[in-house]
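Peer 1: Build me a model from this:
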Amino acid sequence: MQSTQAAPRSAANHNFAPWLGVIFLIYLLLVAVGMIGAGFKWASGGAEGARQLFAFATNPLMGLVVGAMATALVQSSSTVTSVIVGLVAGGLPVPTAIPMIMGANLGTTVTNTLVSMGHVGKRKEFRRAFSAATVHDFFNLMAVAIFLPLEIMTGYLSKTSEYLANLLVGGSSVSIKGLDFIKPLTQPVLDVFRDLYAGLPGITGGVMLALTGLAFIFLSIVFLGKLLKRLMVGRAKAILHKAIGRGPITGIFSGTLMTIAVQSSSTTTSLIVPLAGNGLFKLKEIYPFTLGANIGTTITALLAATAVSGSHAFFALQIALVHLIFNISAVILIYGIPQLRKIPLRTARRFAQIASRRKWIVLAYVAGVFFIIPGLLIAITA
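Peer 2: Numbers count the residues shown, from 1 in each chain. From the prediction side, this is the model:
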């Protein structure tokens, strides 16, 4: 009898252990964002120093390029947006950070494009997979082409996010009062690392603190994604099969939920690409699901914003809300207007037809759009 009772207990403990890992990694993410903000502020000498340090990115195009290239390199928009929240907490102005957030949306699409190359040996499969991957690219390019000029001309994203942040926390002069419990939890660890680097000369301590935070963000998101993928992907796949064929609203909603569950839009869209390649779903069905992934990935920046306290807590929340508003607005506008909705579909189909005949175009596209052109722009501007 005792051995019979022990087995269920052992299984329960085994099932609970991964969730403890999830809790720890979320805590590590919150600590890491605090480290980047504190380290950036320390190294740059406060808000004014931060503005000077990021003077090269005050050009919106350069901010866009920096966000896109950083995300393409680390293969995670969640990592980059969390870092941007930390930088805003350290004094980076919100208007400078907005194009970077948009760039992160562009950079994240490289992952599913690379996944589609797994079908390169079979022409029809590759055409279907590549069109499913690049429809995400072309939608995000359209979103930036519409909303970056709109933001420059009207301040739509900055004003809307400021209004919503005011509703949530009551003004830029206060911290996020309802989330003040985060600071007491993360501050002891932050103080340990601050003391560890306190003896380093000049700005080195601040740089090391920020780099440590960056490393912790990368580690926490990579392992969090793996843990959640193991815990949730089986269920997520079942949801995916049930939801995709039920219409665009359900597709967007299920894409959002699945991305929140696995904490990675790259995982969500990469799961769908092979299914498209094998002909299980049509491009028209997959399209809204990938848009839901764009919305779901914004949860990480919102979570990161809860780690920020003090005078820049409001602005950290604001930039996280920019990410959310940008993606929701793009879905409503582009997918909501039939003439605009068709452009990414048609472009992806046509590009996939060309790429299936000339495979070198795929490598040129990935290397040129995500790495070479951004790198050249940064080199020219620097």
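Peer 1: just checking, residue 356 touches residue 131?
Peer 2: No: if you go by Cβ atoms under 8 Å, residue 356 and residue 131 don't touch, sitting 9.2 Å apart. All C-beta atoms are positioned from the backbone trio N, CA, C, and that covers glycine.
Peer 1: which of those two has more neighbours?
Peer 2: residue 131 (28 against 22; other Cβ atoms under 10 Å).
Peer 1: which residues touch the residue lying closest to the more buried one once chain neighbours are set aside?
Peer 2: Nearest in space to residue 131, with sequence neighbours left out and distances taken as Cβ to Cβ, 6 or more residues apart in numbering, is residue 352 at 3.7 Å. Residue 352 sits next to 126-128, 130-131, 134 when contact means Cβ atoms under 8 Å, 6 or more residues apart in numbering.
Peer 1: For the residues you listed, which entry has the maximal number of neighbours?
Peer 2: residue 130 (31 neighbours).
Peer 1: Look up how far residue 317 lies from residue 304.
Peer 2: Using Cβ to Cβ, to the nearest Å, residue 304 is found at 10 Å from residue 317.
Peer 1: again but with residue 97, I slipped
Peer 2: 12 Å.
Peer 1: for the stretch 1-150 of the chain, which spans come out with low pLDDT?
Peer 2: In the predicted model of the stretch 1-150 of the chain, residues 1-15, 33, 36-37, 40-41, 43-58, 74-76 satisfy pLDDT under 70.
Peer 1: Go again with 80.
Peer 2: Low-confidence segments of the stretch 1-150 of the chain (pLDDT under 80): 1-19, 22, 25-26, 29-30, 32-59, 70-79, 90-91, 109-112, 114-115, 117-122.
Peer 1: now the helices for it?
Peer 2: Using DSSP state H, counting those that start in this stretch, the helices found in the stretch 1-150 of the chain span residues 2-44, 47-53, 60-74, 77-89, 94-107, 110-116, 123-154.
Peer 1: Name the SS class of residue 159, please.
Peer 2: Secondary structure assignment for residue 159 (DSSP: H, G, I helix; E, B strand; the rest coil): helix.
Peer 1: number of nearby residues for it?
Peer 2: By other Cβ under 10 Å, the residues close to residue 159 number 11.
Peer 1: how about it, what does it touch?
Peer 2: Contacts of residue 159 (Cβ under 8 Å, 6+ apart): none.
Peer 1: Same question for residue 127.
Peer 2: 352-353, 355-356.
Peer 1: let's see 6 Å
Peer 2: The neighbours of residue 127, taking Cβ atoms under 6 Å, 6 or more residues apart in numbering as the test, are 352, 356.
Peer 1: Next, work out how far apart it and residue 159 are.
Peer 2: From residue 127 to residue 159 the distance is 43 Å (Cβ to Cβ).
Peer 1: now do residue 80
Peer 2: According to Cβ to Cβ, residue 80 stands 24 Å off from residue 159.
Peer 1: Repeat that for residue 104.
Peer 2: Taking Cβ to Cβ as the measure, residue 104 falls 21 Å from residue 159.
Peer 1: burial of the residue nearest to residue 82 when sequence neighbours are not counted, as a residue count?
Peer 2: What sits nearest to residue 82 in space, not counting adjacent residues and going by Cβ to Cβ, 6+ apart, is residue 304, at 4.3 Å. A count of neighbours around residue 304, defined by other Cβ under 10 Å, yields 30.
Peer 1: can you tell me the helix or strand for residue 304?
Peer 2: If you go by DSSP states H and E, residue 304 is part of helix 299-305.
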